[in-house]
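Chemist: turn this into a model:
(2 chains)
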Amino acid sequence: MRGSVPIVSLAAILASLPACHHTVKGPDLVPPQAVKMDSELLEEFYEEITEYVKLRHKAVEAIPPLPAEATADQIAAHQKALTLAIVRYNRNSKQGEIFEPPIEAAFRRILAEAFASPQGPAMIQEIKQGNPRLEGVPQANDPSREQIKNVTLRVNLVYPEDAPFSSVPAGLLLKIPVLPEQVRYRFIGRALIVRDTEANVILDFIRDVVPDSSIPR
Amino acid sequence: MGRLSAVPSRALLCALALLAPAWRAPAQELRLPLHEGSTRFAVIGDTGTAAQAQYDIGKQMAAFHERFPFTFVIMVGDNIYGNDSAGDYQRKFELPYKPLIDAGVKFYASLGNHDNPNQNAYKFFNMGQQRFYSFKPNQGVRFFALDSNYMDRPQLEWLQKELSSSGSEWKIPFFHHPLYSSGRTHGSNESLRTQLEPLFVEHGVDVVFSGHDHFYERVKPQKGIYYFVSGAGGSLRKGDIRPGTGLTEVGFDTDYHFMLVEIEGRDLYFQAIARTGKTIDSGVIHQAEGHAVEKSVPLAPGAPVPAAPVAPRPQAQPTPSAPPGTPPSERLLPPALSKPSPSPSPSPTASPSPKPTPKPKPKPRPTKKPPASPVP
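Modeler: The predicted structure is shown next:
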């Protein structure tokens, strides 16, 4: 490990961020992004992500864009087309292609450190919220009853559209590399996943990173 | 035998007849002052189940809209639970709120942990295809819709910039996960609080709306900020408010609800209403002159909000953050009653502006909160 690497500039290249060019009045209260990861590893990780985003761009180009003010039908049709396109483009992908072994090891170390910190227990509590292994969906005939959905952990699998999303603690997001808008970290059970936000597809995952046996795998 | 049974029946009927007006009185009782030109909106959360209760709430909202013509609704997440096909959008949103949509009421959504991120393109949610955005419905009031599912640095930077450059007197963030909540199931989101609270305090935020926990809770002011949990617009966890957190000013976890809010000048009036139409909480939050964070406590439940400008009770001192586990200082309070209010006034138009912020006007800058003083 060669210490913390400031990754804001890298993230800015990748992420289509909202305009952040105005100066902030008053003190800067946003904590820095502090990713304790070897800079080469970090670069490698971003290369993988960039590669995916490029591939995704090709897939998106092939389908009609979603209007700015879409109807429910248009959203459903667009998502279906996008999901199919991503799954097709990504059909040969395997686990560990984004989280290559050394990157996976770095993530494991960062996460273990975060969960062992004084904020760790609160973070784990938050990861449980919306975690599809623990939380279900309120039923129309009785919203106080929730039905847990089965979410299979596999690369290039569609995340069930009716399953909830786990929280990703804000404090944790400051310790791991920033992702572009098209992809997100989430948790399924004790695993960290990277998921395509719009296409709703699992891109890669690392098993057993949350040290809490009360959460099903 | 028949005669004997008829007596209690008649008595019961008489009793019911006597009670009926009393039942009707609290139902659909409007406590908001309806000031001319005020900003009026509703708050709903955790709605999209397509359950009967969601439709009941939609009906109540429509009924109140007749007398309190709010122009927009903010949604604090979990807008569409489960599947989200076109039919789901209909059953879980368009139909329950059809009278409001038909009346031109706009909805501004934020995303919950059950929401498909693609909802940000849905025309009725007015999100401008952004997962976080701001809009200014009226002079002096700006809303900040946040994606609390994923509070990464880009979003925090955006929020800081938006808050710092906004000259609005009322800066109102709304998002799904509550920073403070007595929920047994979820409760306060501490990691989110660590990131957001300093921004809210620094930039003069007074009121925050969240959902996620399926009940109503008005949290005691934390560092001078009022937090509302309004997460039972279509889902309910009965008895989920944990006593003993020291956070609850008013809580209601036995039925579904929604909120109505009116902002006029430096006063923010609020009313929380149950599925039955009964008021479960109401009050006014006052901003002191030229200072966004000096303010008074809301009127206690039971105290009417008059149609005329209110002289609210000042808060003795800012309430510090109460750690979970501190002894309860408040029990869940019963609904309060009061009088109806007068006629509607012209309503402002909401215009979304996802991202660019208008230039702020110079304004006294809240930094640290002075001791609260009585407001004349």
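Chemist: so what's whatever residue of the stretch 201-350 of chain B ends up closest to chain A up against?
Modeler: Nearest to chain A in the stretch 201-350 of chain B, going by CB to the nearest CB, is B:Ser235, at a distance of 4.4 Å. From N, CA and C alone the C-beta is placed, and that goes for glycine too. Neighbouring residues of B:Ser235 by CB atoms under 8 Å, 6 or more residues apart in numbering or on different chains: A:138, A:143-144, B:46-47, B:49, B:51, B:78, B:81, B:214.
Chemist: then B:Lys171?
Modeler: B:142, B:144, B:163, B:203-206, B:292.
Chemist: flag the shaky bits of chain B, pLDDT-wise.
Modeler: Low-confidence segments of chain B, defined by pLDDT under 70: B:1-27, B:289-376.
Chemist: if we use 50, what do you get?
Modeler: B:1-25, B:291-376 (pLDDT under 50).
Chemist: please enumerate the strands of chain B.
Modeler: B:39-44, B:72-75, B:106-109, B:133-138, B:141-145, B:170-174, B:207-210, B:216-222, B:225-230, B:248-252, B:257-264, B:267-274, B:279-288, B:291-295 (DSSP state E).
Chemist: out of those strands, nearest to A:Ala199?
Modeler: Among the strands of chain B, strand B:106-109 comes nearest to A:Ala199, with 20.8 Å by CB to CB.
Chemist: and for the closest one, what's in contact with it?
Modeler: B:71-75, B:77, B:79, B:97, B:101, B:115, B:119-120, B:122, B:124-127, B:135, B:143, B:145, B:350, B:352.
Chemist: could I have it exported to PDB, CA atoms only?
Modeler: Output of strand B:106-109 as PDB, limited to C-alpha atoms (Å, rounded to 0.1, in the frame of the first residue of the first chain):
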ATOM      1  CA  LYS B 106     -47.000  18.800  -9.900                       C
ATOM      2  CA  PHE B 107     -45.100  16.000  -8.200                       C
ATOM      3  CA  TYR B 108     -41.400  16.300  -7.400                       C
ATOM      4  CA  ALA B 109     -39.900  13.000  -6.500                       C
END
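Chemist: where's A:Arg109 relative to B:Phe70, distance?
Modeler: As judged by CB to CB, to the nearest Å, A:Arg109 and B:Phe70 stand 51 Å apart.
Chemist: next, A:Leu111: phi, psi?
Modeler: Torsion angles at A:Leu111 (phi, psi; degrees, to the nearest 10) stand at phi -70, psi -40.
Chemist: which residues touch it?
Modeler: When contacts are counted by CB under 8 Å, 6+ apart, A:Leu111 is found next to A:172, A:176, A:192, A:209-210.
Chemist: out of these, which are inside helices?
Modeler: A:Leu172 (DSSP state H).
Chemist: from the contacts of A:Leu111, which two are the most distant?
Modeler: Across those (CB to CB), the longest gap, 13.5 Å, separates A:Ile176 and A:Val210.
Chemist: please enumerate the helices of chain A.
Modeler: Assigned by DSSP H, chain A shows helices spanning A:8-14, A:39-61, A:72-89, A:101-116, A:120-128, A:170-173.
Chemist: what comes up buried for the second one?
Modeler: Using 16 or more other CB atoms under 10 Å in any protein chain shown as the burial criterion, the residues of helix A:39-61 that qualify are A:41-42, A:44-46, A:48-49, A:52-53, A:56, A:59-60.
Chemist: let me know the closest of those residues to chain B.
Modeler: Distance to chain B, by CB to the nearest CB, is smallest for A:Val60 among the buried residues of helix A:39-61, at 12.9 Å.
Chemist: quick one: that closest one and B:Val76, what's the gap?
Modeler: 30 Å.
Chemist: tell me if I'm right that B:Ile80 and B:Gly48 touch.
Modeler: Yes. In this structure, B:Ile80 is within contact of B:Gly48 by CB atoms under 8 Å, at 4.0 Å.
Chemist: go back to the contacts of A:Leu111 and keep what's next to chain B.
Modeler: A:Leu172 (CB under 8 Å from any CB of the partner chain).
Chemist: strands - which of the contacts of A:Leu111 land there?
Modeler: Counting by DSSP E, the part of these found in strands is A:Leu192.
Chemist: could I get the contacts of A:Leu111 as a markdown table with distance to A:Pro160, neighbour count and pLDDT?
Modeler: Output for the contacts of A:Leu111, formatted as a markdown table (distance: CB to CB, whole Å; neighbours: other CB atoms under 10 Å in any protein chain shown; pLDDT from 0 to 100):
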| residue | distance to A:Pro160 | neighbour count | pLDDT |
| --- | --- | --- | --- |
| A:Leu172 | 24 | 25 | 97 |
| A:Ile176 | 25 | 23 | 98 |
| A:Leu192 | 18 | 25 | 98 |
| A:Val209 | 21 | 19 | 98 |
| A:Val210 | 20 | 23 | 97 |
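Chemist: tally of neighbours for B:Phe209?
Modeler: 27 (other CB atoms under 10 Å in any protein chain shown).
Chemist: A:Ser167: which of the strands of chain B is closest?
Modeler: Comparing the strands of chain B by CB to CB, strand B:207-210 comes nearest, at 12.9 Å.
Chemist: mind listing what A:Lys174 touches?
Modeler: For the record, residue A:174 is Leu, not Lys. A:Leu174 neighbours (CB under 8 Å, 6+ apart): A:31-34, B:152-153, B:195.
Chemist: kindly recompute the last result at 7 Å.
Modeler: A:31, A:33-34, B:153 (CB atoms under 7 Å, 6 or more residues apart in numbering or on different chains).
Chemist: check B:Phe270 too.
Modeler: B:Phe270 makes contact with B:259, B:261, B:282-283, according to CB under 7 Å, 6+ apart.
Chemist: can you pull the buried residues of stretch A:160-180?
Modeler: In stretch A:160-180, counting by 16+ other CB under 10 Å, buried: A:160-180.
Chemist: next, give phi and psi for A:Val151.
Modeler: Torsion angles, degrees, to the nearest 10, at A:Val151: phi -110, psi 120.
Chemist: surely it meets A:Ala163?
Modeler: Yes. Counting by CB atoms under 7 Å, A:Ala163 is a contact partner of A:Val151 at 5.2 Å.
Chemist: what's the burial count for residue 79?
Modeler: I went with chain A, as the question did not name one. Quick note: A:Gln79 (other CB under 10 Å) scores 21 neighbours.
Chemist: I was after chain B.
Modeler: 31.
Chemist: which residues does it contact?
Modeler: Neighbours of B:Asn79 in contact, by CB under 7 Å, 6+ apart: B:47-48, B:93, B:109, B:112, B:115, B:119, B:125.
Chemist: anything in contact with each of A:Val151 and A:Ala163?
Modeler: A:Pro132.
Chemist: what residue of chain A is the furthest out?
Modeler: A:Asn141 (32.0 Å; CA atoms, centre = their mean).
Chemist: give me the most central residue, chain A.
Modeler: A:Tyr185 (1.7 Å).
Chemist: bridged to that residue, which residues?
Modeler: Note on A:Tyr185: beta-bridge partners A:Val194, judged by DSSP bridges.
Chemist: and it, what does it touch?
Modeler: A:168, A:176, A:179, A:192, A:194.
Chemist: next one: B:Val207
Modeler: B:172, B:226, B:268, B:285.
Chemist: how close does A:Ile86 sit to chain B?
Modeler: According to CB to the nearest CB, to the nearest Å, A:Ile86 stands 13 Å off from chain B.
Chemist: look up how far B:Tyr150 lies from that residue.
Modeler: Distance, A:Ile86 to B:Tyr150, using CB to CB: 19 Å.
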